[in-house]
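sequence below, structure please.
(one chain, ligands or ions: 3)
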Amino acid sequence: MTGSENLVEVRDLKVHFPIKRGVVFDKVVGHVKAVDGVDLSIPRGRTYGLVGESGCGKSTLGRALLQLTPPTGGEVRFDGVDLTRLSAGRLRSMRRRMQMIFQDPMSSLDPRQNVESILTEGLQAHGIGGSRDERRRIIGETLDAVGLPRWALSRYPHEFSGGQRQRIGIARALVLGPELIVADEPVSALDVSIQAQVVNLLDELQERLGLTYLVIAHDLAVVRHISDVVGVMYLGALVEEASGDQLYREPMHPYTRALMSAVPVPDPDVEDQRERILLSGDLPSPANPPSGCRFHTRCPWAQPTRCADERPVLRQIGGSKVACHFAERIASGELRPHRVTAEVVRPADEGDAPGVVSAPSEPGSYV
Ligand SMILES: Nc1ncnc2c1ncn2[C@@H]1O[C@H](COP(=O)(O)OP(=O)(O)O)[C@@H](O)[C@H]1O
Ligand code: SF4
Ligand SMILES: [Mg+2]
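Ligands and ions are numbered 1, 2, ... in the order given. As a prediction, the model looks like this:
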């Protein structure tokens, strides 16, 4: 173990999926830039929350971090070791230390295996627990840790509720004694009433075991309270990074401002007075991302200079890191939001719909 404060350091990470055409020859005709230049660090024992709308590259980033999807470029340092350069053998032995929890435990758990078999499998694969008794002891302790009774061992995934199944998914990761857990939308498939229980369990386990987390969610509310830092992702890149409270209180990037403006506030007076920013147009395709600032096609503050030409880098402004050329002038109110004309590109096979339609945005009630 190195003395580095950060367990995880990601530098300029890229994952580009080839788009192939042709029956005989697989010709590469383009790339889906699912992750396109991400830098982030996660200190030991801390939680990084990653949020952004569906398709922005969160899962791909999580998988690339664990090398489950091979990155196209960049570095992923885990405990000081660049995982992208490890041999398959060394990577396999590192895997025990980094585990993943998935959104839908039903599809990630083998329905034909009982809980004991699910939990034993990983132990055997990594040569943990020399004897059957030793493995049973580890499994028993893990069940206690996630709040499942011992009788669960002989049961099958379908015999449990959604919340309990997610506890099995957590147990499967935990049984290996990992240091890092990537939780990809761990509560999105659960009833709202159960979500808090699972989030609290993750929080407790972190406290007790000193775990480091990357928690992915499309909803900031899920990660706000458990994250030390939240990163907001848009089209394969981070646009803002700050504490959850800071993001709620003072979102800096125009995309974050739009996301925050959609979150209801409990106080009806505040709710009535609030700035609402309605984003027009769909998320552009990561196969053909906009030039310059990826958000410029939808940004109500986009300027005629720089926005379409120059890609902004994430830079420190006060307590946040923001990837916007004009963040300071937007924060001070010097730049005002304007109407955006979004290009909605329709799929070619939609009957007689035009190829490209121009959709003027709803202006919303800009304050
Ligand atoms: N294996 C793959 N091959 C090709 N494209 C992929 C693959 N996995 C994800 N993508 C594409 O990459 C983009 C990001 O996907 P994903 O990481 O799943 O986003 P999110 O988790 O934020 O919803 C999407 O456009 C998705 O279609
Ligand atoms: S760089 Fe320009 S387009 Fe991008 S978020 Fe800032 S103002 Fe908007
Ligand atoms: Mg996902």
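
give the buried residues for stretch 228-236.
For stretch 228-236, burial by neighbour count (16 or more other C-beta atoms under 10 Å) applies to 229-236. Yep, even glycine has a C-beta here, placed from its N, CA and C like the rest.

secondary structure element holding the closest residue in space to Arg306 that isn't next to it in sequence?
Using C-beta to C-beta, 6 or more residues apart in numbering and skipping residues adjacent in sequence, the residue nearest Arg306 is His325, 4.8 Å away. Here His325, judged by DSSP states H and E, is contained in no helix and no strand.

how about Gln303, nearest residue that isn't a chain neighbour?
Distances taken as C-beta to C-beta, 6+ apart place Phe326 nearest to Gln303, at 6.0 Å, with adjacent residues excluded.

and the helices in this protein?
Using DSSP state H, the helices of the chain run over 58-65, 88-95, 105-108, 115-125, 132-146, 162-174, 192-209, 220-224, 244-249, 254-261, 268-273, 327-331.

what's in contact with the longest one?
Helix 192-209 is touched from outside by 45, 47, 145-147, 161-163, 166-167, 170, 174, 181, 183, 186-187, 190, 211, 213, 215, 222, 225-226, with contacts defined as C-beta atoms under 8 Å, 6 or more residues apart in numbering.

what's the answer for the fourth one, then?
Helix 115-125 has contacts (C-beta under 8 Å, 6+ apart) with 109-110, 113, 128-129, 135, 138-139, 142-143, 148, 152-157, 168, 171-172, 175-176.

for ChimeraX, what selects the buried ones among those?
Of these, the buried ones go into a single ChimeraX selection, burial set by 16+ other C-beta under 10 Å:
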select :109,129,135,138,139,142,143,148,152,153,155,157,168,171,172,175,176
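
distance between the ends of stretch 244-261?
15 Å (C-alpha to C-alpha, to the nearest Å).

that stretch and ligand 2, any residue contact?
Yes - applying C-beta under 6 Å from any ligand atom, one finds stretch 244-261 in contact with ligand 2 at 253-254.

right, quick check: that stretch against ligand 1, any contact?
No - contact between stretch 244-261 and ligand 1 is absent, the nearest approach being 13.6 Å (criterion: C-beta under 6 Å from any ligand atom).

contacts only, for Pro286.
32-34, 36, 55, 57, 235-236.

near ligand 1, list only the ones from these.
When contact is defined as C-beta under 6 Å from any ligand atom, these meet ligand 1 at 32, 34, 55, 57.

roughly how far does the last one sit from Leu279?
Using C-beta to C-beta, to the nearest Å, one gets 18 Å for the distance from Gly57 to Leu279.

skip the chain neighbours and tell me the closest residue to the residue of the stretch 51-200 of the chain found nearest ligand 2.
Proximity of the stretch 51-200 of the chain to ligand 2 (C-beta to the nearest ligand atom) peaks at Gly52, 14.3 Å away. Nearest residue to Gly52, sequence neighbours excluded (C-beta to C-beta, 6+ apart): Met233, at 3.5 Å.

in stretch 122-134, what's buried?
Neighbour counts using 16+ other C-beta under 10 Å place 122-123, 126, 129 of stretch 122-134 among the buried residues.

get me the contact residues on the stretch 151-300 of the chain for ligand 1.
Within the stretch 151-300 of the chain, the positions near ligand 1 by C-beta under 6 Å from any ligand atom are Pro286.

residues contacting the residue nearest to Gly52?
Contacts here follow C-beta under 8 Å, 6+ apart; on that basis Met233 touches 38, 50-52, 56-58, 61, 239.

same question for Thr69.
Neighbour list for Thr69: 15, 60, 63 [criterion: C-beta under 8 Å, 6+ apart].

could you report the pLDDT at it?
With respect to pLDDT, Thr69 scores 97.

tell me how far it lies from His325.
For Thr69, the distance to His325 (C-beta to C-beta) stands at 31 Å.

check Gly73 too.
Counting by C-beta to C-beta - Gly73 and His325 are separated by 24 Å.
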